[in-house]
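*Asks:* A structural model of the following input is requested.
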Amino acid sequence: YIDRFNKIDWSLQKKKIKSVASSYPNNIVYIDSTGLGDPIEEDLRQAGLSKRDYKFTNDSKQELVEGLIVAIEQGMIGIPNISQTKFLIDELKAFGYEILPSGRTRYQAPEGLHDDAVISLGLACRGMSWNFYRKIGNETFIPYNSPAYLERKSLEEDMERNNKLPRRLRSRIPQELAFS
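*Replies:* Next up is the predicted model:
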C-alpha cells in the first residue's frame, strides 16, 4: 500500500490511518510521536490501534535510515518503477548525508526537498523486517543493526521503560514483533 497525502486536516489523516490499518490483519502502526505527531499518536492510541511510537532524533533517524540501507542493499525490499512510486524513487535518489565536524553522520533530503517517503519506507521496513529472517532450529539469525535487530531492541526498551511505570500509567505494548 502506498499513498501520499499532506496538507489535510488532522481528523482526515487519522481516519485514513485507521482505514488503512483495519485493512491489514496483525498490523502495527508506527506513529511519529515527536512534536506535532503527539496529538495523532494519542488519538490513535485511544482508538485502540496497535501502534508503536517513534520519536525522531538525530540518532533514531540515523538508525532508521541505516536499517533501510541494509534492507535495500541486501535485496530485502524492492520498489516497482511505476507512476505511483515515482515520488518515492525521486526522494531516494535525492536523499543524502553529510559528515558533521563531530564525525557523526546526518541523513537528510537536500534543501527544498522532502524525505517523508524515505522515512516512511524506513518505518515500514522496520515493522516488517521480521519476515526477512527465518528460524534455523530454535535460533533466529538476526544480523546486527538490521531492521529486525533494531525493531527487537526497540521493543525490549519500550517494555523495560513501560514496566518501570505504575500499573495505571502503563501503555499496552504489543508483545509480538511486527508481522511476525
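
*Asks:* flag the shaky bits of this protein, pLDDT-wise.
*Replies:* By pLDDT under 70, the weakly predicted segments of the chain are 36-38, 129-148, 173-180.

*Asks:* now do the contacts for the residue nearest in space to the middle of the chain.
*Replies:* Centroid-nearest residue in the chain: residue 123, 1.8 Å away (criterion: C-alpha atoms, centre = their mean). Going by C-beta atoms under 8 Å, 6 or more residues apart in numbering, residue 123 touches 30, 54, 64. For the C-beta atoms, the positions are set from N, CA and C on the backbone; glycine is no exception.

*Asks:* tell me which element it falls in.
*Replies:* Using DSSP states H and E, residue 123 falls within helix 116-128.

*Asks:* CA atoms of that helix as CSV?
*Replies:* In CSV, the C-alpha atoms belonging to helix 116-128 read as follows (Å, rounded to 0.1, in the frame of the first residue of the first chain):
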residue,chain,number,x,y,z
ASP,A,116,8.8,11.9,4.2
ALA,A,117,8.6,9.0,1.8
VAL,A,118,12.1,7.7,2.6
ILE,A,119,11.4,7.9,6.3
SER,A,120,8.0,6.2,5.8
LEU,A,121,9.7,3.4,3.9
GLY,A,122,12.2,3.0,6.7
LEU,A,123,9.5,2.7,9.2
ALA,A,124,7.6,0.1,7.1
CYS,A,125,10.8,-1.8,6.6
ARG,A,126,11.5,-1.8,10.3
GLY,A,127,8.0,-3.0,11.0
MET,A,128,8.0,-5.9,8.5
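
*Asks:* tell me which residues in it are buried?
*Replies:* 117-128 (16 or more other C-beta atoms under 10 Å).

*Asks:* repeat that for stretch 11-27.
*Replies:* Neighbour-count burial for stretch 11-27, counted by 16+ other C-beta under 10 Å, picks out 14, 17-18, 21, 27.

*Asks:* what of stretch 149-164?
*Replies:* 149-152, 154-155.

*Asks:* dump those residues into TSV; add secondary structure and distance to residue 100 as well.
*Replies:* Output for those, formatted as TSV (DSSP: H, G, I helix; E, B strand; the rest coil; distance: C-beta to C-beta, whole Å):
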residue	secondary structure	distance to residue 100
149	helix	25
150	helix	22
151	helix	27
152	helix	28
154	helix	24
155	helix	29
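
*Asks:* quick check: residue 84 vs residue 8, distance?
*Replies:* Going from residue 84 to residue 8 by C-beta to C-beta, to the nearest Å gives 18 Å.

*Asks:* all strands of this protein, in order?
*Replies:* In the chain, the segments counted as strands under DSSP state E are 29-32, 51-54, 96-99, 105-108, 135-136, 139-140.
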